[in-house]
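Student: Requesting a structural model of the entry that follows:
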Amino acid sequence: MPTSSDNSSSDLFSSKIGLILSVLGIAVGTGNIWRFPRIAAQNGGQEGAGAFLIAWICCLFLFSIPLIIAEYGIGRNGRKGVIGSFIRLVGKKYSWMGAFIGFVATAIMFYYSVVAGWSLFYLVESISTGLPESMQQANRVWEGFQNSLWPSAFHALMMGAGGFVVVKGVSSIERINKILIPSLLLVVVISLVRAVSLSGSVQGLQYLFTPDWSTLATPSLWLEALTQNAWDTGAAWGLILTYGAYMRNRDDISVSAFQTGIGNNIVSLLAAMTIFATVFGTLGSNMTSGEVLEVMKTSGPASTGLTFIWMPQLFNEMSGGSLFAILFFLGLTFAAFSSLISMIELSSRVFVDMGYARTHSTLFICLTGFLMGMPSALSLDVLANQDFVWSVGLMVSGAFISFAIIRFDPSRFRSEIVNNGEQRYTLGRWWEIIIKYVVPVEVISLLLWWMYLSITAYAPDSWYNPLSAFSVATIILQWGLVMGLSYLYKNLLADRTTID
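Tutor: Predicted coordinates:
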């Protein structure tokens with residue numbers, strides 16, 4: 001069996017709380033506060049968005065948490081980055097799968113840094129300019145920002161700052177997350193308390209939690225629920241796998257996985273409650289529920305501007321709102337930054353495992369990330385396309401992780417790597433069933449179901465157009481290119497990656 005012992009203390013997280021906060025730093029971020037509310041709004045039906053929440057919670061226990069357990073185990077067992085740990089578990093032949101997983105997270109990093117830059121811009125704006133006094137003014141700030149070069153400048157700043165932390169190593173990552181994540185959680189709770197006190201906010205909460213059962217028959221809802229849950233929790237990104245390499249042998253994988261998944265999803269729900277309460281509380285007196293929802297769904301391409309347009313509105317409605325706006329966008333910037341750090345670490349660790357110096361690896365990744373993120377910084381349509389393609393790509397990453405466990409033997413993985421004799425909670429056989437059968441069936445059935453309906457019903461006139469932002473063709477082209485290159489260079493990747 002592949003085995004590994006604890007590295008020197010400087011190469012490991014110093015405490016369980018340091019590990020959990022750092023992994024929550026991966027998961028808790030703009031995916032919770034920027035992405036989750038807009039995805040819930042887009043997938044709400046006539047009666048409400050509760051059906052989406054049901055699908056999303058199902059995906060937490062039937063996809064995300066089982067994969068988080070797998071990632072922790074693969075990473076701690078391999079003590080390498082995503083490619084090296086894959087090779088240690090299943091051999092050099094499958095190094096290309098590890099490379100694909102790593103690229104999906106890196107591709108998300110390209111545009112995630114742009115969104116992190118938005119957070120920083122709004123922090124600066126809330127300090128220097130104050131809050132917009134109307135929806136029209138809030139929209140003008142958003143549109144003026146997007147039509148300038150500021151998104152590119154803040155994108156560069158966030159990539160540079162993230163690279164600086166990663167160069168310092170895991171101890172620096174742990175220290176900064178012990179400050180960033182508790183700060184964010186405190187601000188989210190304060191924001192929610194104020195949001196639900198707005199007149200009309202109850203309507204927003206009712207819509208969020210009321211199920212429209214008919215929407216459960218829509219494959220796109222399940223596709224969005226699964227990819228959003230992966231986005232929420234960090235499952236299948238390879239990020240938790242990378243941090244797992246710094247996990248102590250005595251840290252309980254199963255407990256850590258449940259803490260990561262459930263804790264993160266609670267933050268997502270709090271963020272969605274805040275946004276829905278804000279929008280309905282601000283507009284409900286002048287618009288019908290249908291009109292309010294239309295505003296939520298059209299706040300930028302794929303609702304990309306929802307949080308940034310409506311949170312300033314919330315703070316304008318509250319006493320002392322200017323201070324809370326600063327705190328909120330400070331917390332959001334912290335969350336985005338902590339997640340960005342993990343993405344830079346994942347990509348840099350791949351090159352470190354190939355023998356390159358950490359400083360040089362990180363510099364290369366940050367320069368590449370800046371250049372590859374520029375199209376998303378300059379165009380919201382490009383960003384929406386990249387968000388769609390690589391978020392759905394997390395499903396394939398999940399399938400590859402599941403395949404690696406199956407190839408190794410789920411029973412052996414559970415009994416020898418997860419249940420290593422130092423754990424408090426013994427992982428049961430239910431995990432083997434989910435990882436061996438449920439995850440592959442979820443991925444294959446949802447992808448085929450969505451592709452079939454896209455071709456026959458959703459977009460019969462554009463599904464074959466790779467330039468269409470949300471088409472089947474754009475996914476096949478971009479995934480195919482990355483998979484093809486990963487497979488073509490699999491031997492080179494395997495030979496360059498050091499396995500002790």
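Student: pLDDT below threshold where in the stretch 301-450 of the chain?
Tutor: 301-306, 318 (pLDDT under 70).
Student: do that again at 80, thanks
Tutor: 301-307, 310-311, 313-315, 317-321, 324, 327-328, 331, 334-335, 422-423 (pLDDT under 80).
Student: Show me the helices in it, by range?
Tutor: Taking DSSP state H, counting those that start in this stretch, the helices of the stretch 301-450 of the chain run over residues 306-317, 321-353, 358-378, 380-408, 410-412, 430-433, 439-453.
Student: now the ones you listed in TSV, with distance to residue 74 and mean neighbour count?
Tutor: All C-beta atoms are positioned from the backbone trio N, CA, C, and that covers glycine. Shown next, in TSV, are the helices of the stretch 301-450 of the chain (distance: least, C-beta to C-beta, whole Å; neighbours: other C-beta atoms under 10 Å):
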stretch	distance to residue 74	mean neighbour count
helix 306-317	33	24
helix 321-353	13	24
helix 358-378	21	19
helix 380-408	7	22
helix 410-412	12	14
helix 430-433	14	16
helix 439-453	14	16
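Student: Residue 181 is nearest to which of the ones you listed?
Tutor: Comparison of the helices of the stretch 301-450 of the chain against residue 181 by C-beta to C-beta identifies helix 321-353 as nearest, at 6.6 Å.
Student: okay, the angle between that closest one and helix 358-378?
Tutor: If you take axes from the mean of the first three to the mean of the last three C-alpha atoms, to 10 degrees, helix 321-353 sits at 130 degrees to helix 358-378.
Student: Residue 52 is in contact with residue 225, isn't it?
Tutor: Yes - assessed by C-beta atoms under 8 Å, residue 52 is found in contact with residue 225 at 6.0 Å.
Student: any common contacting residues for the two?
Tutor: Listed contacts common to residue 52 and residue 225 are residue 43; contacts here mean C-beta atoms under 8 Å, 6 or more residues apart in numbering.
Student: I'd like the helices of the stretch 301-450 of the chain laid out as TSV, including distance to residue 120.
Tutor: Compiled in TSV, the helices of the stretch 301-450 of the chain are given as follows (distance: least, C-beta to C-beta, whole Å):
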stretch	distance to residue 120
helix 306-317	12
helix 321-353	5
helix 358-378	13
helix 380-408	16
helix 410-412	43
helix 430-433	39
helix 439-453	35
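Student: Find the residue at the geometric middle of this structure.
Tutor: residue 231 (3.1 Å; C-alpha atoms, centre = their mean).
Student: Just give me the neighbour total for residue 136.
Tutor: Residue 136 has 9 neighbours, counted by other C-beta atoms under 10 Å.
Student: Repeat that for residue 464.
Tutor: Residue 464, neighbours per other C-beta under 10 Å, totals 13.
Student: how about it, phi and psi?
Tutor: Torsion angles at residue 464 (phi, psi; degrees, to the nearest 10) stand at phi -90, psi 0.
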